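Peer 1: Could you work out the structure for the sequence below:
(2 chains)
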Protein chains: 2
Amino acid sequence: MEKFVYFFGQGRADGNGQMKDLLGGKGAGLAEMTLAGLPVPPGFTISTSACRLFYENKGKLPASIQKEVEQAVSRLQEMTAKDFGSEQHPLLVSVRSGAKFSMPGMMDTVLNLGLNEKTTAAIARLTSNERFAFDAYRRFIQMFGKIVLGIDPGLFDEAFEKTKKRAGAHLDTDLEDSDLREVCRHFKEIVKKATGEAFPNDPRQQLERSIQAVFQSWNGKRALDYRRLNKIPDDLGTAVNVVAMVFGNMGSNSGTGVAFTRNPSTGENALYGEYLANAQGEDVVAGIRTPKQIADLREEMPEVYKQFAGVAQRLERHYRDVQDLEFTIERGQLWMLQTRNAKRTGAAAVKIAVDMVAEGIIDKPTAVMRVEPAQLDQLLHPMVDPKDTAEVLAKGLPASPGAAGGKVVFDPDTAEKEAAQGEKVILVRIETSPEDFHGMVAAQAILTARGGMTSHAAVVARGMGKCCVAGCSELEIDYRSKSMTAGKTKIKQGDWITLDGTTGRVLRGQARLIDPELGGDFLKLMSWADEIRDMKVRTNADTPRDAAVARKFGAEGIGLCRTEHMFFEGDRIDAVRQMIVGAADYKKLQAELNRLSAELPKAAAAQRRKDIKRELEGLKKEIRRPQQLYFGALKRLLPMQRKDFIGIFRAMDGLPVTIRTLDPPLHEFLPHTESDIRHLARRLKYPAGELFAKFSALKEANPMLGHRGCRLGIVYPELTEMQARAIFEAAAHVQKEKRKVLPEIMIPLVADVNELRLQKSVIRKVAAEVSSKHKVPLEYMVGTMIELPRAALTAAEIAPVAEFFSFGTNDLTQMTFGLSRDDAGKFLPFYVEHGILKDDPFQTLDQTGVGQLITWAVEKGRAARPGLKIGICGEHGGDPRSIEFCYRNHFNYVSCSPYRVPIARLAAAQAMILDKSEAGRTT
Amino acid sequence: MEKFVYFFGQGRADGNGQMKDLLGGKGAGLAEMTLAGLPVPPGFTISTSACRLFYENKGKLPASIQKEVEQAVSRLQEMTAKDFGSEQHPLLVSVRSGAKFSMPGMMDTVLNLGLNEKTTAAIARLTSNERFAFDAYRRFIQMFGKIVLGIDPGLFDEAFEKTKKRAGAHLDTDLEDSDLREVCRHFKEIVKKATGEAFPNDPRQQLERSIQAVFQSWNGKRALDYRRLNKIPDDLGTAVNVVAMVFGNMGSNSGTGVAFTRNPSTGENALYGEYLANAQGEDVVAGIRTPKQIADLREEMPEVYKQFAGVAQRLERHYRDVQDLEFTIERGQLWMLQTRNAKRTGAAAVKIAVDMVAEGIIDKPTAVMRVEPAQLDQLLHPMVDPKDTAEVLAKGLPASPGAAGGKVVFDPDTAEKEAAQGEKVILVRIETSPEDFHGMVAAQAILTARGGMTSHAAVVARGMGKCCVAGCSELEIDYRSKSMTAGKTKIKQGDWITLDGTTGRVLRGQARLIDPELGGDFLKLMSWADEIRDMKVRTNADTPRDAAVARKFGAEGIGLCRTEHMFFEGDRIDAVRQMIVGAADYKKLQAELNRLSAELPKAAAAQRRKDIKRELEGLKKEIRRPQQLYFGALKRLLPMQRKDFIGIFRAMDGLPVTIRTLDPPLHEFLPHTESDIRHLARRLKYPAGELFAKFSALKEANPMLGHRGCRLGIVYPELTEMQARAIFEAAAHVQKEKRKVLPEIMIPLVADVNELRLQKSVIRKVAAEVSSKHKVPLEYMVGTMIELPRAALTAAEIAPVAEFFSFGTNDLTQMTFGLSRDDAGKFLPFYVEHGILKDDPFQTLDQTGVGQLITWAVEKGRAARPGLKIGICGEHGGDPRSIEFCYRNHFNYVSCSPYRVPIARLAAAQAMILDKSEAGRTT
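Peer 2: Coordinates of the predicted model:
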């Protein structure tokens, strides 16, 4: 029979640290610490399987598990020599959730369970501290009331405030024991009124219902939101930890704290954390009182500090990773309540990984695995320019690094609303609570007036890689008037501020942000990643400037150079428009001319021959003007494009450069306003009326599915010819500078191999011409984007003609889903929110659908052309999970925006390590 | 070693009638007739393989084949006792193309080959007819000049006309032998001037070059166009037939003709054809002289007629099909020059097939195979209403049945141009030639003043299933003034006429056209097809009227009922617009309400609680109006939809009805003009400004990829609910009338199984409600369209939830190609014209790309749900080649427009017969 309850205490435990799936992170940590002989209060963990059974059993714990829980309670009673409900030695326990992946603050906790009138009295007697006992009792009633009984917590707050007012108390601690007794009475009345039943006195019943409530909180809205954001599966379930209570609020030789074995913000190798003397654990995390630094403990309780420091080091070595610890000191006795691998900032992750290799704790591949690729984003993001002179409004704790500016908003709903409208907002709160989560997601950065480096705001912000300044006590925040005051400056909702999460500064207005320097640790880690990976990382860059930036970030080539971006620069757009005006007419008249010329020798009747000849004369006259416009424009564009390519080839000297021929529909280049069209008409000496008609005829019902991509080059081969000439002339030019140029010309939107064949022949012809004219050999490839389902499906036919494939996963996703990214706003967020789609397929590659097409195309393509070079140039090329997919599909490279190049390098290395370790596991 | 030249003559032949692939239709027929002992002039066929080698060998005949030709020439000389270039008994031959599939008039022919000064003199002497000899010689020079030497034929015509003028001759036949001698001299001068070389005298050289020219004509523009239209592969090649000349122009006991063993226009079982006395073969086909009926031959040459009738019957029995014969009578001796299966109209095909079964010539499956499904279109197409009183302008020959109206145009180029602009045109020509082909393709119908039932115009029009009136000699056509006169009525270019190809009438203006009655032969053939096929044929019908028509045509259910078409009828659109105005606001406010209500019990601070409550009050007020609009509109729509479904269910009593839930994006239902929007605003008492803003927000960049299909029902489930309720209430209602109702509810645009799951649950809920309320059991299915690549790719996941699949191949094609049908006009015709794509993928299913997705989805779907019902409802469901694909993929049914149902029934039967015969071949 499966075991559901795992006991731990006094050096022995049913479970161990490996059993995170079953016991959750917290339960596994408690078992492991117990086994390691560390001071852990005894208790037991109800497994995640029990949680799943709980849901299968319609929200009831099966009787067999209930029985196991009872046996564990008996054992706990024996071990602690305390009993549930005993008036001599009452047993109190905490009931905490604990899933496989840490979800801080997202699920519910009940402390002080076991209290009722009688046991409270017993505690008061045993501790000689009536105030403590009743404070514990009122906290328990409130927590149980809120979490288990679902009572509006505001009702308790109101009653508590009323008592405080009546007693003339300013702080909670100003209340006398008699006041607290009264609070307990009021609280129980509230429960009776709200539920129609008396507050349960029986500790066993309290326990049973609390366990159920914790299991239920797994599917609470907050937990669901968090899992969605962090891509944690919904079917894992949570474990429940029932642990004998220890109290940090039993006087000045008691306390409670959280600490990290290294600084989770900077990575500095020093014990880091905070504690509150004479307090219960939740006080620290909630950020209600501002706590002391852990270093202060050394002076206040040197023995305890020494013991704690030793435990911390042992745990770090044991887990070979930075630990996030919770502890309580009960009358001078240290109790460890939790150890788990610490969440950390990107910068800290890099430093810790590199340091630990130097310290011999981990090896390089492990170090590479230790940094989440997405975290690098933080390091690569802008910071406040040191030269900026923006007014410093206030200074708080540097809770999460980076910098960001935005409009001030004071509540999460407004934050969400404004952000949805494209506004950048900074969420400003006195303190944050899990209820604020959606507003934190929406905000650029978070600013709080209260709470420390481990407050809710700080922890959540770091997890999201978002800039945060916490505990900025100088601020006076007034929710009612939606404003805050810093010194004499009043900031209203909607005013701009800039936060500097690295220094803790709050700046007035929009400060200038600059790119960060990349430190030595970062470079070291990246070099290890580069040693490991064999999949290349290229970049999407359209200008020499972008190319240079990307090369600095380690790009090994350009995977996508969009030539049309060059079309918009300066007055080039003028030439492009001229081309468009001429092109269609020229083509139409040319076709007519060809047809008639071919018909002439076949015509039998003399009259017909005369007619044809006359018509031919007319056509030849008519075609002159559009011909001049079309070819004249191409002639103007050629040197401009050539110049661009020269710049890019120089910047990428020795590295391959993938250049995509013109892709967007021509109407994207057209002027939109009437006056612009009139202006163009004047410049081209073209009747404005005709221009309006011509441009409106170019509009498409579905431009995404229209005349674009290689369809342009097929109908207007002169365009492809011009682009190819610009590329090859630039290549010849740069080669003469003794640089190595490797152009890979990429044909977009191919649906059929014949399209590629035609475009390739145009390009090869131009290459041969340029090569012979400039007397240089030209090395180049011609390949295709695979961005239409049909291209993927017919890869076996395309590959013999294509020298490389590059998956354009943006369009491939659009076509496979039949979903325009521009129009998906009306339903795609709804889909992701309601779990209809697990991910936004434009952020993370849809492996189920789109991925099948890719796998198919890679297989068929390589079968038809062994060694076919394969890459990706959609935005998925910068997404770690998608990169792993590319690796598993044997891509030669991924390509992404310059700032994501390091992320892709790391992700590529991790994919390889993962693959090897999995391969190792199966052999 | 492969044999390339196949000899035939005097009862023996190297080839036979089965060898069409290698010898072409004509060559195989000549061999077969020779073997059957029929009078065929001896000769030889150079195979289609030789043609392919010719192209591989850069347009030269390989030496080995050249040698085989020489040997065959020697054998021919022996057999005829004539020699090439002999002054005693000169050998003359014809050189004709002959591909596997007949391509009438599309390739080149050279007659009288072997003539030069000396042999012409010999012929003159041998026939005692100098005029005949020089007429043959000048024809030969002109044909050879045009076809082999590529000389503008106009030059010959001009010289000929000049001689006629000088001689005062009105007709060709008025010329004396001396005139013709002069013409020959002139012609040879033209050749010398144009080519710089003398006209070749050596018959062997003449032959070699003619063979090359015929091979070359395989890739001439006319031939390419014809093959494209008729979907004949380009790589088949043509054979060349070299046959000893026989002459029909050797006096009144000579003649030449073409005949069919039955009437190819009506199918009547009687010898049918035309002949010209004292004429060469080309004169009949070209329609230059109006020929006599074949029946007249009985009186003029009874013996020859009797012999010919016997030969015709023997050949029809031999081939078990109607034969298209060419013959020449040389001085009373009958020579057969060609036999092939005859092209025929749809009506004739049906009658002949049914008659031949009755006569015991073929069996039923063969009869079913004998009618091309597309030909049925002719039978089902409109005809001129007998009650119509339109003025009859003229009467010609009923050359190809059917009826059509359009604007008169007098040349093929204008026809093409106007048709490209969406105009309906009637091409009017004095006579047509292969040069007119593109205009005939573009025209609705063809009218000629000269030429008979077997003239170029008639043959080509019948092949295309196009209405044609030929030989309408009353008309005076003036190309110069672009007008024609019929009696006293002048018709100018651009005036409307209507042609009745069944009676030969030319009507003034737009006559009323009506649907045809379907005759007994048709019904008999269709019943045989129905006996054979096991794939069902359904129809796409949105109204009870359409449903009734389709049922009459044999539809076995509705495969696609588009509910949105009902939305446009009458004033329903008003209710739809009201719904749209309310829906989005209602949804947004409802989501906000839900979120806030859920937040209330969690809010800790009293102020926050107050704020929330105040906000909730505001929201509840605000939501009232959109709620009224939205639900009010749904309530109005419900009875309207229900009424439609009642009508459809009644019409389809006992047959399944597939109903698709709302598919198009909502903005398709919106008013477009400002005044319409203002009107709507007044009616809804809604601020017009807000309405403008709301409607413009609904516009989409790519509506095809936007918020449509089930994405509507997911965001607005009340809409699906309303539609389901209308369906089930209608079903309950009609069931109570003792009719059987089988609704199959189809969810459009599913990309992910979760979408289907959600929509299905809405539908099942409504079904249960209606069933219990009306106390009737409801039989129904819920399935999905497979019209997105992702749906096909994830068929294994979708099938467990879908009770049927219906392939929406229109959208599937659009998405797979990334091609909007609305926008493809700028390049898709170019693609098909230039052979980049073989077919328009919206007409014939792209089996290479889209087909792979379908095959995959069928396999995975049936594996996940054995016996899954599978159909197609895109327009390909009415295309015979696509239907065959569906059959091979084990579809349960195809669905098409009502008028294509008979075509689909026949095509389905043919697919099954083909499949069986192929299966038979492999076992």
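
Peer 1: roughly how far apart are the residue lying closest to A:Gly154 once chain neighbours are set aside and B:Gln142?
Peer 2: Leaving aside its chain neighbours, A:Gly154 sits nearest to B:Arg609 (5.0 Å; criterion: CB to CB, 6 or more residues apart in numbering or on different chains). For every residue, glycine as well, the C-beta is placed using N, CA and C. Distance of B:Arg609 to B:Gln142, given as CB to CB, to the nearest Å: 103 Å.

Peer 1: Hmm, A:Thr844 and A:Glu881 touching each other?
Peer 2: Not quite, residue A:881 is Arg, not Glu. Yes: using CB atoms under 8 Å, A:Arg881 is in contact with A:Thr844, at 5.2 Å.

Peer 1: how about the helix or strand hosting A:Phe160: buried residues?
Peer 2: Take DSSP states H and E as the rule and A:Phe160 turns out to sit in helix A:153-167. Judged by neighbour count (16 or more other CB atoms under 10 Å in any protein chain shown), helix A:153-167 contains these buried residues: A:153-157, A:159-160, A:163-164, A:167.

Peer 1: repeat for stretch A:547-567
Peer 2: Of the residues in stretch A:547-567, A:547-551, A:553-564, A:566-567 count as buried by neighbour count, 16+ other CB under 10 Å.

Peer 1: So which residues of the stretch 401-550 of chain A form helices?
Peer 2: Remark: helices assigned in the stretch 401-550 of chain A by DSSP state H, counting those that start in this stretch are A:412-420, A:437-442, A:456-464, A:520-532, A:544-552.

Peer 1: Just send these back as JSON lines, with distance to chain B too.
Peer 2: As requested, those are exported to JSON lines (distance: least, CB to the nearest CB, whole Å):
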{"stretch": "helix A:412-420", "distance to chain B": "8"}
{"stretch": "helix A:437-442", "distance to chain B": "9"}
{"stretch": "helix A:456-464", "distance to chain B": "13"}
{"stretch": "helix A:520-532", "distance to chain B": "33"}
{"stretch": "helix A:544-552", "distance to chain B": "26"}
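
Peer 1: quick one, which of those is nearest to B:Asp179?
Peer 2: Within the helices of the stretch 401-550 of chain A, the stretch nearest B:Asp179 is helix A:544-552; the backing value is 79.5 Å (CB to CB).

Peer 1: now for the closest one, which elements pack on it?
Peer 2: When contacts are defined as 3 or more CB pairs under 8 Å, 6 or more residues apart in numbering or on different chains; DSSP states H and E, helix A:544-552 packs onto strand A:536-540, helix A:606-651.

Peer 1: Including mean neighbour count and mean pLDDT, could these go into TSV?
Peer 2: TSV is the format used below for the helices and strands packed on helix A:544-552 (neighbours: other CB atoms under 10 Å in any protein chain shown; pLDDT from 0 to 100):
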stretch	mean neighbour count	mean pLDDT
strand A:536-540	28	95
helix A:606-651	17	91
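
Peer 1: Nearest to A:Ala270, out of these?
Peer 2: Nearest to A:Ala270 among those is strand A:536-540; the distance by CB to CB comes to 34.7 Å.

Peer 1: Given that closest one, what are its sheet partners and their directions?
Peer 2: Using DSSP bridges, strand A:536-540 pairs in its sheet with strand A:558-562 (parallel), strand A:893-896 (parallel).

Peer 1: Please convert those strands to JSON lines, extending it with mean pLDDT.
Peer 2: Listed next are these as JSON lines, based on pLDDT from 0 to 100:
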{"stretch": "strand A:558-562", "mean pLDDT": "95"}
{"stretch": "strand A:893-896", "mean pLDDT": "96"}
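
Peer 1: In CSV, list the ones you listed along with distance to A:Gly346.
Peer 2: Shown next, in CSV, are the strands paired with strand A:536-540 (distance: least, CB to CB, whole Å):
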stretch, distance to A:Gly346
strand A:558-562, 24
strand A:893-896, 17
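
Peer 1: List the buried residues in stretch A:231-248.
Peer 2: A:232, A:236-248.

Peer 1: Distance from the chain centre to it, please.
Peer 2: Here stretch A:231-248 is found 25 Å from its chain centre; the criterion is CA atoms, centre = their mean, to the nearest Å.

Peer 1: Just the endpoints, please. Distance across that stretch?
Peer 2: 35 Å (CA to CA, to the nearest Å).

Peer 1: any residue of that stretch up close to chain B?
Peer 2: No: shown here: stretch A:231-248 not in contact with chain B (CB under 8 Å from any CB of the partner chain), separated by at least 13.4 Å.

Peer 1: what sits against the closest residue to A:Ala349 other than its chain neighbours?
Peer 2: Nearest-residue entry for A:Ala349: A:Val371, 4.4 Å, with adjacent residues in sequence omitted and distances by CB to CB, 6+ apart. Shown in contact with A:Val371 (CB atoms under 8 Å, 6 or more residues apart in numbering or on different chains): A:346, A:349-350, A:353, A:525, A:906.

Peer 1: Check A:Ala445 too.
Peer 2: Residues near A:Ala445 by CB under 8 Å, 6+ apart: A:402-404, A:406, A:426-427, A:461, A:466-469, A:499, A:501.

Peer 1: do the same with A:Thr34
Peer 2: Per CB under 8 Å, 6+ apart, neighbours of A:Thr34: A:8-13, A:40, A:42.

Peer 1: still on that earlier bit, in CSV: the contacts of A:Ala445, plus pLDDT and neighbour count.
Peer 2: Shown next, in CSV, are those (pLDDT from 0 to 100; neighbours: other CB atoms under 10 Å in any protein chain shown):
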residue, pLDDT, neighbour count
A:Gly402, 83, 29
A:Ala403, 91, 26
A:Ala404, 93, 25
A:Gly406, 95, 21
A:Ile426, 96, 25
A:Leu427, 96, 30
A:Ala461, 80, 29
A:Lys466, 82, 25
A:Cys467, 89, 31
A:Cys468, 92, 32
A:Val469, 93, 32
A:Leu499, 95, 33
A:Gly501, 88, 31
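
Peer 1: Closest one of the residues you listed to chain B?
Peer 2: Among those, A:Leu427 lies closest to chain B (CB to the nearest CB), at 14.7 Å.
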